[in-house]
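# heads up, no residue letters with this:
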């Protein structure tokens, strides 16, 4: 196994459905411009509330991807 170097970035996904859907959207979007995504770590979750009701879910993720050789 060769040594690898990884870069870690933070992204925030939003969804009107769930935290899981917000995370999936963030990963799918990041995958369009980043190659070789490796790990996603959920670092926080919160809600947007309007008029006493939840209107959206937000999931903050740390994503790692490997540098190209």
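All right, it came through fine. Computed from a predicted model, the values in this text were never measured in an experiment.
# okay, CA-based contacts and neighbour counts for the rest of this
Noted.
# Run through the residues that contact residue 43.
Contacts for residue 43 (Cα atoms under 8 Å, 6 or more residues apart in numbering) come out as 59, 60, 61, 62.
# Test for you: state the pLDDT assigned to the last one.
You'll see residue 62 listed with a pLDDT of 98.
# buried ones in stretch 56-67?
Going by neighbour count (16 or more other Cα atoms under 10 Å), the buried part of stretch 56-67 is 56, 57, 58, 59, 60, 61, 62, 63, 64, 65, 66.
# Identify the residues contacting it?
Contact partners of stretch 56-67, identified using Cα under 8 Å, 6+ apart, comprise 4-20, 22-23, 34-49.
# Let's see that with 6 Å instead.
Contact with stretch 56-67 is made by 5-16, 18-19, 22-23, 36-48, as judged by Cα atoms under 6 Å, 6 or more residues apart in numbering.
# Take the buried residues of stretch 56-67 and keep only those in helices.
Secondary structure from DSSP state H places none of those in helices.
# Would you format the residues you listed as CSV with distance to residue 28 included?
Shown next, in CSV, are the buried residues of stretch 56-67 (distance: Cα to Cα, whole Å):
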residue, distance to residue 28
56, 18
57, 16
58, 15
59, 13
60, 14
61, 12
62, 14
63, 11
64, 14
65, 14
66, 17
